[in-house]
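K.L.:
Quick one, structure for this:
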Amino acid sequence: MNFILIVGPQAVGKMTVGQRLAEKTNYKLFHNHVSIDFVSPYFDYGSPSGKRLVNLIRHEMFEEVAGSDMEGFIFTFVWAFDLQSDWDYVEQVSKQFESRGGTVYLVELEADVGERIKRNTSENRLIHKPTKRNVQKSQHDLVQSHETYRLNSLPGEISAKHYFRINNTNLNPDKAADMIIKHFGWQKSPPAYS
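P.N.:
Numbers count the residues shown, from 1 in each chain. Model (predicted):
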(Lines give C-alpha, C1' and ligand atoms only; values in the text may rest on other atoms or scores of the structure.)
Protein backbone atom coordinates (compact mmCIF):
# COMPACT_ATOMS: atom_id res chain seq x y z
CA MET A 1 0.00 0.00 0.00
CA ASN A 2 1.30 3.41 -1.01
CA PHE A 3 -0.20 6.20 1.11
CA ILE A 4 0.33 9.56 -0.55
CA LEU A 5 -0.20 12.61 1.62
CA ILE A 6 -0.41 15.81 -0.43
CA VAL A 7 0.03 18.88 1.75
CA GLY A 8 0.05 22.61 1.14
CA PRO A 9 -1.99 25.75 1.74
CA GLN A 10 -5.57 26.31 0.64
CA ALA A 11 -6.17 26.47 -3.13
CA VAL A 12 -2.61 25.40 -3.95
CA GLY A 13 -4.01 22.54 -6.05
CA LYS A 14 -3.84 19.54 -3.71
CA MET A 15 -7.17 18.06 -4.79
CA THR A 16 -6.66 18.78 -8.50
CA VAL A 17 -3.15 17.33 -8.54
CA GLY A 18 -4.53 14.42 -6.50
CA GLN A 19 -7.25 13.86 -9.11
CA ARG A 20 -4.68 13.70 -11.92
CA LEU A 21 -2.43 11.47 -9.84
CA ALA A 22 -5.36 9.13 -9.15
CA GLU A 23 -6.18 8.98 -12.87
CA LYS A 24 -2.59 8.20 -13.82
CA THR A 25 -1.90 5.59 -11.10
CA ASN A 26 -5.36 4.13 -10.47
CA TYR A 27 -4.94 5.06 -6.77
CA LYS A 28 -8.00 6.27 -4.83
CA LEU A 29 -8.32 9.93 -3.80
CA PHE A 30 -9.88 10.97 -0.49
CA HIS A 31 -9.39 14.74 -0.46
CA ASN A 32 -9.81 16.48 2.88
CA HIS A 33 -13.10 18.13 1.96
CA VAL A 34 -14.91 14.82 1.48
CA SER A 35 -15.17 14.51 5.27
CA ILE A 36 -15.56 18.26 5.93
CA ASP A 37 -18.38 18.67 3.42
CA PHE A 38 -20.12 15.53 4.70
CA VAL A 39 -20.29 16.97 8.23
CA SER A 40 -20.78 20.68 7.45
CA PRO A 41 -24.57 20.61 6.81
CA TYR A 42 -24.94 19.55 10.44
CA PHE A 43 -21.95 20.94 12.34
CA ASP A 44 -19.51 23.71 11.44
CA TYR A 45 -16.03 22.26 10.91
CA GLY A 46 -14.63 24.74 13.45
CA SER A 47 -16.93 23.49 16.20
CA PRO A 48 -15.89 20.74 18.63
CA SER A 49 -18.58 18.41 17.21
CA GLY A 50 -17.56 19.17 13.62
CA LYS A 51 -13.88 18.51 14.27
CA ARG A 52 -14.61 15.33 16.21
CA LEU A 53 -16.80 13.91 13.44
CA VAL A 54 -14.40 14.85 10.64
CA ASN A 55 -11.50 13.25 12.52
CA LEU A 56 -13.60 10.16 13.26
CA ILE A 57 -14.55 9.73 9.59
CA ARG A 58 -10.94 10.13 8.48
CA HIS A 59 -9.57 7.80 11.14
CA GLU A 60 -12.05 5.04 10.29
CA MET A 61 -11.46 5.46 6.55
CA PHE A 62 -7.70 5.23 7.06
CA GLU A 63 -8.10 2.10 9.21
CA GLU A 64 -10.17 0.35 6.54
CA VAL A 65 -7.89 1.41 3.70
CA ALA A 66 -4.68 0.51 5.55
CA GLY A 67 -6.00 -3.01 6.07
CA SER A 68 -7.25 -3.40 2.51
CA ASP A 69 -5.61 -4.70 -0.63
CA MET A 70 -5.66 -1.27 -2.32
CA GLU A 71 -2.45 -0.49 -4.12
CA GLY A 72 -2.49 3.21 -3.33
CA PHE A 73 -4.48 5.87 -1.49
CA ILE A 74 -4.17 9.66 -1.73
CA PHE A 75 -5.17 12.12 1.01
CA THR A 76 -4.86 15.92 1.06
CA PHE A 77 -4.22 18.07 4.11
CA VAL A 78 -3.51 21.70 4.99
CA TRP A 79 -0.53 21.38 7.36
CA ALA A 80 0.25 24.34 9.63
CA PHE A 81 3.96 23.73 10.20
CA ASP A 82 4.00 26.01 13.22
CA LEU A 83 1.41 23.91 15.07
CA GLN A 84 2.69 20.86 16.94
CA SER A 85 -0.81 19.34 16.76
CA ASP A 86 -0.53 19.18 12.94
CA TRP A 87 2.89 17.47 13.16
CA ASP A 88 1.35 15.00 15.61
CA TYR A 89 -1.60 14.37 13.27
CA VAL A 90 0.65 13.65 10.28
CA GLU A 91 2.71 11.26 12.42
CA GLN A 92 -0.45 9.51 13.68
CA VAL A 93 -1.89 9.06 10.19
CA SER A 94 1.47 7.87 8.84
CA LYS A 95 1.69 5.27 11.60
CA GLN A 96 -1.79 3.97 10.72
CA PHE A 97 -0.41 2.94 7.32
CA GLU A 98 3.15 2.04 8.27
CA SER A 99 1.95 -0.26 11.07
CA ARG A 100 0.19 -2.31 8.38
CA GLY A 101 3.20 -2.44 6.08
CA GLY A 102 2.31 0.62 4.02
CA THR A 103 4.77 3.15 2.64
CA VAL A 104 4.08 6.85 3.21
CA TYR A 105 4.91 9.35 0.47
CA LEU A 106 4.76 13.05 1.32
CA VAL A 107 4.18 15.56 -1.46
CA GLU A 108 4.28 19.26 -0.61
CA LEU A 109 2.83 21.82 -2.99
CA GLU A 110 3.54 25.53 -2.88
CA ALA A 111 2.29 28.41 -5.02
CA ASP A 112 2.22 32.18 -4.83
CA VAL A 113 -0.69 33.56 -2.84
CA GLY A 114 -1.92 35.54 -5.86
CA GLU A 115 -2.17 32.33 -7.89
CA ARG A 116 -3.93 30.59 -5.00
CA ILE A 117 -6.52 33.39 -4.83
CA LYS A 118 -7.22 32.82 -8.55
CA ARG A 119 -7.50 29.06 -8.04
CA ASN A 120 -9.88 29.59 -5.14
CA THR A 121 -12.64 30.31 -7.67
CA SER A 122 -11.86 27.52 -10.15
CA GLU A 123 -14.80 25.51 -11.43
CA ASN A 124 -13.27 22.19 -10.31
CA ARG A 125 -12.78 23.48 -6.76
CA LEU A 126 -16.32 24.80 -6.47
CA ILE A 127 -17.85 21.63 -7.92
CA HIS A 128 -16.07 19.33 -5.47
CA LYS A 129 -16.03 21.54 -2.35
CA PRO A 130 -19.47 22.89 -1.42
CA THR A 131 -18.17 24.78 1.61
CA LYS A 132 -15.91 26.84 -0.70
CA ARG A 133 -18.80 28.14 -2.82
CA ASN A 134 -19.07 31.22 -0.63
CA VAL A 135 -16.06 32.64 -2.46
CA GLN A 136 -15.82 35.81 -0.39
CA LYS A 137 -15.61 33.78 2.83
CA SER A 138 -13.18 31.22 1.41
CA GLN A 139 -10.90 33.97 0.07
CA HIS A 140 -10.97 35.68 3.47
CA ASP A 141 -10.07 32.35 5.14
CA LEU A 142 -7.28 31.76 2.61
CA VAL A 143 -5.70 35.17 3.20
CA GLN A 144 -6.17 35.02 6.97
CA SER A 145 -4.58 31.56 7.27
CA HIS A 146 -1.72 32.71 5.00
CA GLU A 147 -1.05 35.56 7.42
CA THR A 148 -1.57 33.48 10.60
CA TYR A 149 0.13 30.13 9.91
CA ARG A 150 3.20 28.83 8.12
CA LEU A 151 1.63 26.54 5.52
CA ASN A 152 4.81 25.44 3.77
CA SER A 153 7.85 23.84 5.36
CA LEU A 154 11.24 25.42 5.79
CA PRO A 155 14.18 23.98 3.83
CA GLY A 156 15.28 20.72 5.47
CA GLU A 157 12.41 20.76 7.98
CA ILE A 158 10.83 17.57 6.65
CA SER A 159 13.09 14.56 7.04
CA ALA A 160 10.69 11.94 5.65
CA LYS A 161 12.35 9.27 3.51
CA HIS A 162 9.85 9.69 0.66
CA TYR A 163 9.35 13.44 0.29
CA PHE A 164 8.94 15.66 -2.76
CA ARG A 165 8.24 19.40 -2.92
CA ILE A 166 6.88 21.14 -5.99
CA ASN A 167 6.31 24.81 -6.66
CA ASN A 168 3.29 24.50 -8.91
CA THR A 169 2.58 28.21 -9.36
CA ASN A 170 3.13 27.87 -13.11
CA LEU A 171 2.51 24.13 -13.54
CA ASN A 172 -0.64 22.48 -14.74
CA PRO A 173 -1.92 19.57 -12.61
CA ASP A 174 -1.02 16.94 -15.21
CA LYS A 175 2.61 18.03 -15.24
CA ALA A 176 2.75 18.08 -11.42
CA ALA A 177 1.28 14.55 -11.27
CA ASP A 178 3.79 13.33 -13.86
CA MET A 179 6.63 14.83 -11.81
CA ILE A 180 5.43 13.02 -8.69
CA ILE A 181 5.17 9.68 -10.50
CA LYS A 182 8.64 10.09 -12.00
CA HIS A 183 10.21 11.23 -8.71
CA PHE A 184 8.95 8.20 -6.78
CA GLY A 185 9.44 5.75 -9.65
CA TRP A 186 5.82 4.64 -9.84
CA GLN A 187 4.21 3.13 -12.91
CA LYS A 188 1.44 4.87 -14.75
CA SER A 189 -1.70 2.82 -15.18
CA PRO A 190 -2.94 2.26 -18.72
CA PRO A 191 -5.84 4.54 -19.60
CA ALA A 192 -9.29 3.14 -18.88
CA TYR A 193 -11.43 2.52 -21.93
CA SER A 194 -15.19 2.52 -21.81
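K.L.:
separation between the most centrally placed residue in the chain and residue 155?
P.N.:
Centroid-nearest residue in the chain: residue 76, 1.3 Å away (criterion: CA atoms, centre = their mean). Going from residue 76 to residue 155 by CB to CB, to the nearest Å gives 23 Å. Any C-beta I mention is one placed from the backbone N, CA and C, and that applies to glycine too.
K.L.:
what does the helix or strand bottoming out on mean pLDDT in the chain rub up against?
P.N.:
Scoring the helices and strands of the chain by mean pLDDT, DSSP states H and E places helix 123-128 at the bottom, with a mean of 76. Helix 123-128 is touched from outside by 11, 15, 16, 19, 31, 33, 119, 132, 133, 135, with contacts defined as CB atoms under 8 Å, 6 or more residues apart in numbering.
K.L.:
didn't residue 183 look like it was pressed against residue 164?
P.N.:
Yes: between residue 183 and residue 164 there is a contact at 4.7 Å, judged by CB atoms under 8 Å.
K.L.:
Of the contacts of helix 123-128 - the most surrounded one?
P.N.:
When neighbours are counted by other CB atoms under 10 Å, residue 11 leads those with 26 neighbours.
K.L.:
ok, that residue - contacts?
P.N.:
Counted by CB under 8 Å, 6+ apart, residue 11 has contacts 116, 117, 119, 120, 125, 138, 142.
K.L.:
residues contacting the second one?
P.N.:
When contacts are counted by CB under 8 Å, 6+ apart, residue 117 touches 11, 139, 142, 143.
K.L.:
so it is in which element?
P.N.:
Element membership for residue 117 (DSSP states H and E) is helix 113-119.
K.L.:
about what we covered before: tell me the predicted confidence for the residue nearest to the centre of the chain.
P.N.:
For residue 76, the model assigns a pLDDT of 97.
K.L.:
Residue 99 too?
P.N.:
Reported pLDDT for residue 99: 97.
K.L.:
next one: residue 194
P.N.:
40.
K.L.:
ok, for residue 115, nearest residue in space, not its chain neighbours?
P.N.:
For residue 115, ignoring the flanking residues on the chain, the nearest one in space by CB to CB, 6 or more residues apart in numbering is residue 169 at 5.0 Å.
K.L.:
Helix, strand, or coil at the one you found?
P.N.:
coil (DSSP: H, G, I helix; E, B strand; the rest coil).
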